[in-house]
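Participant: compute the structure for the input listed below.
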Amino acid sequence: MKLGLALGYWGAGPPPDLAERIRAAEDLGFDSVWAAEAYGSDALTPLAWHGAATSRLRLGTSIAQLSARTPAATAMAAMTMDHLSGGRFVLGLGASGPQVVEGWYGQPYPRPLARTREYVQIVRRIIRRETSEYAGEHYRLPAAGGTGLGKPLRSTLHPRRADLPIHLAAEGPRNVALAAEIADGWLAMFYSPWADEHYRAALAEGFARPGARRSAADFEVVCRVNVELDDDPEVAADRVRPMLALYIGGMGARGANFHRDVFVRMGFEAECARIQEHYLAGRRDEAAASVTLPMVERVALVGPPDKIAGELAAWRESLVTTMLVSGDAPTLAAIAGLLG
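Facilitator: A predicted model of the protein is given here:
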């Protein structure tokens, strides 16, 4: 299992030690670094800026949101990044959720799986330098209507790699199966090695579909895992609880929260109801306090080194091929020593 550095997305501004973290990751032998976007900082610019100071780390987006760019713009950015990095770029894509897609980008969210399939098909066509002509349900090139002067085009840029890897973010079983069918990897979130039977079944379904790109043997599973070291597991879990409360309670509406659904499938339906009730009522501290230690331990590594070391066997035997961690340079060194 490889280690990757998760940069996430910025808060009010860029973390002051971002460059130091990335240097530490490369020096420690990490495999990759990944940047994200929500509705603030974007995923590509930090990788281009800081990636220029690296020579070995793979540079991935986890994720670039589909609605943020047209398929052509994403293909252009991916090819450009791949050239600038010497073939180290990984394009991680995700549909995001209706709050961001419709509220921030002003685009409709329904049928995200069908949109994802068409989007990836267009991106791959452009990277292979085929014409941009495409007639789908959600995307049409050239555009219908308008002046009528649009014509299919071929990229002037030749790709460094015509098979540039594309990973898909997915939480629900149908989306995970789609990733196994059309992508080179799966960007997992809130994955638990102790409750992954439905993920294994979904991946197997995707690999078995006609025309699937990969098999289980050459498919990458990249997963963000919070690693918090402390002699007291409860204290370590306190550093994870606010984030889980945000995603379970505040990301999405009461009846449409994909992150909450993940924990419900793990058996925490009652806990999720309490967390969501508190969060949507503005009681964020109570929401975080309602995240139990077992919930944290299902998706994170928290506590003293010997406890974490004992739990690592399950992760090494899991579907995860690259574990994404975060922290300052000393924390990354401690994690590398423990997980390496």
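Participant: gap between stretch 85-93 and the chain center?
Facilitator: 14 Å (C-alpha atoms, centre = their mean, to the nearest Å).
Participant: correction: stretch 194-201
Facilitator: That offset, for stretch 194-201, works out to 18 Å (C-alpha atoms, centre = their mean).
Participant: what's in contact with it?
Facilitator: 173, 176, 188, 191, 265-267, 298, 314, 318-319 (C-beta atoms under 8 Å, 6 or more residues apart in numbering). For every residue, glycine as well, the C-beta is placed using N, CA and C.
Participant: redo that, cut-off 6 Å
Facilitator: 173, 176, 266 (C-beta atoms under 6 Å, 6 or more residues apart in numbering).
Participant: in TSV, list the residues you listed along with distance to Thr80 and pLDDT.
Facilitator: Below are the contacts of stretch 194-201 laid out as TSV (distance: C-beta to C-beta, whole Å; pLDDT from 0 to 100):
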residue	distance to Thr80	pLDDT
Pro173	34	93
Val176	29	97
Met266	40	94
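Participant: which ones among these are found in helices?
Facilitator: 173, 176 (DSSP state H).
Participant: helices or strands up against the strand or helix carrying Leu3?
Facilitator: Using DSSP states H and E, Leu3 maps to strand 2-8. Packing partners of strand 2-8 (3 or more C-beta pairs under 6 Å, 6 or more residues apart in numbering; DSSP states H and E): strand 32-35, strand 322-325.
Participant: nearest to Met243, of the ones you listed?
Facilitator: Distance to Met243, taken as C-beta to C-beta, is lowest for strand 322-325 among the helices and strands packed on strand 2-8, at 13.8 Å.
Participant: now stretch 3-16: how far from the chain's centre is it?
Facilitator: Here the centre of stretch 3-16 is set off from its chain's centre by 14 Å, with C-alpha atoms, centre = their mean.
Participant: which outside residues touch it?
Facilitator: Contacts with stretch 3-16, where a contact means C-beta under 6 Å, 6+ apart, come from 25, 30-38, 40-41, 224, 322-324, 326.
Participant: buried residues in it?
Facilitator: 3-8, 10 (16 or more other C-beta atoms under 10 Å).
Participant: could you do stretch 77-86 as well?
Facilitator: Buried, per 16+ other C-beta under 10 Å, within stretch 77-86: 77-79, 81-82, 84-85.
Participant: let me see the ranges of the helices in the stretch 1-150 of the chain.
Facilitator: With helices called from DSSP state H, counting those that start in this stretch, the stretch 1-150 of the chain shows them at 18-27, 44-51, 71-84, 98-103, 112-127.
Participant: so the longest one versus helix 71-84, what angle?
Facilitator: Going back to what we said before, that points to helix 112-127. Here the directions of helix 112-127 and helix 71-84 differ by 50 degrees (axes from the mean of the first three to the mean of the last three C-alpha atoms, to 10 degrees).
Participant: do the same with the second one
Facilitator: Comparing the axes of helix 44-51 and helix 71-84 via the same axes, to 10 degrees yields an angle of 0 degrees.
Participant: may I see the buried residues of helix 44-51?
Facilitator: 44, 46-48, 50-51.
Participant: mean confidence (pLDDT) on it, please.
Facilitator: For helix 44-51, mean pLDDT rounds to 97.
Participant: what residues does it touch?
Facilitator: Contacts for helix 44-51 (C-beta under 6 Å, 6+ apart): 19, 22, 35, 59, 77, 85.
Participant: that helix versus strand 2-8: what angle between them?
Facilitator: With the same axes, to 10 degrees as the basis, helix 44-51 and strand 2-8 are set at 120 degrees to each other.
Participant: next, count neighbours for Leu149.
Facilitator: When counting by other C-beta atoms under 10 Å, one arrives at 6 neighbours for Leu149.
Participant: so what's the residue sitting nearest the centre point of the chain up against?
Facilitator: Closest to where the C-alpha atoms of the chain average out (C-alpha atoms, centre = their mean) is Ser62, at 3.7 Å. Shown in contact with Ser62 (C-beta under 6 Å, 6+ apart): 34, 36, 92, 187.
Participant: likewise for Leu332?
Facilitator: So Leu332 contacts Ala24 (C-beta under 6 Å, 6+ apart).
Participant: ok so it is a strand residue?
Facilitator: No. Counting by DSSP: H, G, I helix; E, B strand; the rest coil, Leu332 is not part of a strand but helix.
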